[in-house]
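Colleague: Using only what follows, build the 3D model:
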Amino acid sequence: MKILFVCMGNICRSPTAEGVFRDLVVKQGLGRQIGIDSAGTHAYHEGEEADPRSQKAALERGIDLRDLRARRLIEEDFEHFDYVLVMDEKNHSSALKRCPDQHRQKLRFFLEFAPHLNNLNVPDPYYGGKFGFERVLDMVEDASVGLLNEIRSEL
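Modeller: Down below sits the predicted model:
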């Protein structure tokens, strides 16, 4: 099973989701069964580390993002990954333009896995200050649990 998290620049939300979900998967002993990656719909930050504020907020919760590097979403990702999970409506629209018709069922909103939040959009914390990064982590942690529960039913 392979999971790809997608935001715009791949330096805030999607690497946070990658790190949080990776930590959860490893703690559940499923690291060999589930592959995890992240990408951005735009190449603004290709090759860069996650935003230092994302790294700091995640590290305060025991999640290390230092090994992650931004990359751009490519058409082949839709063939390679089982789930392509976007963070908001703009990411969905951008990703949909690159998604081959036969893989459209793979493209979903990450927050579909946290229906109790009553929201499909993970807000971009880039200009939101410290609490924006904390809020993103809260949402990502909730959705990660829901995602893992769905994946377990498929494994």
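
Colleague: Quick check: which element contains the residue lying closest to Arg71 once chain neighbours are set aside?
Modeller: In this structure, Arg71 finds its nearest non-sequential neighbour in Ala39, 5.3 Å apart by C-beta to C-beta, 6 or more residues apart in numbering. Every residue, glycine included, has its C-beta placed from N, CA and C. According to DSSP states H and E, Ala39 maps onto strand 35-40.

Colleague: So for that strand, what gets flagged as buried?
Modeller: In terms of neighbour count (16 or more other C-beta atoms under 10 Å), strand 35-40 has its buried residues at Ile36, Asp37, Ser38, Ala39, Gly40.

Colleague: List just the nearest of these to Leu4.
Modeller: Asp37 (5.2 Å; C-beta to C-beta).

Colleague: Is that closest one in contact with Ala17, as I believe?
Modeller: No. Contact criterion C-beta atoms under 8 Å: Asp37 and Ala17 do not qualify, at 10.4 Å.

Colleague: anything in contact with each of these two?
Modeller: Residues within reach of Asp37 and of Ala17 at once, by C-beta atoms under 8 Å, 6 or more residues apart in numbering, are Phe5.

Colleague: Quick check: buried residues in the helix or strand of the chain with the lowest mean pLDDT?
Modeller: Using mean pLDDT, DSSP states H and E, the weakest-scoring helix or strand in the chain turns out to be helix 129-154, at a mean of 94. For helix 129-154, a neighbour-count test (16+ other C-beta under 10 Å) marks 132-133, 136-137, 139-144, 146-148, 151 as buried.

Colleague: what residues are up against the residue nearest to Arg71?
Modeller: Leu4, Phe5, Val6, Asn10, Ser14, Arg71, Arg72, Leu73, Ile74, Asp77.

Colleague: swap in Ile34?
Modeller: Residues counted as contacts of Ile34 (C-beta under 8 Å, 6+ apart) are Met1, Lys2, Ile3, Val25, Ile151.

Colleague: Val84 is in what secondary structure piece?
Modeller: strand 83-86.

Colleague: That concludes my questions; thank you for your assistance.
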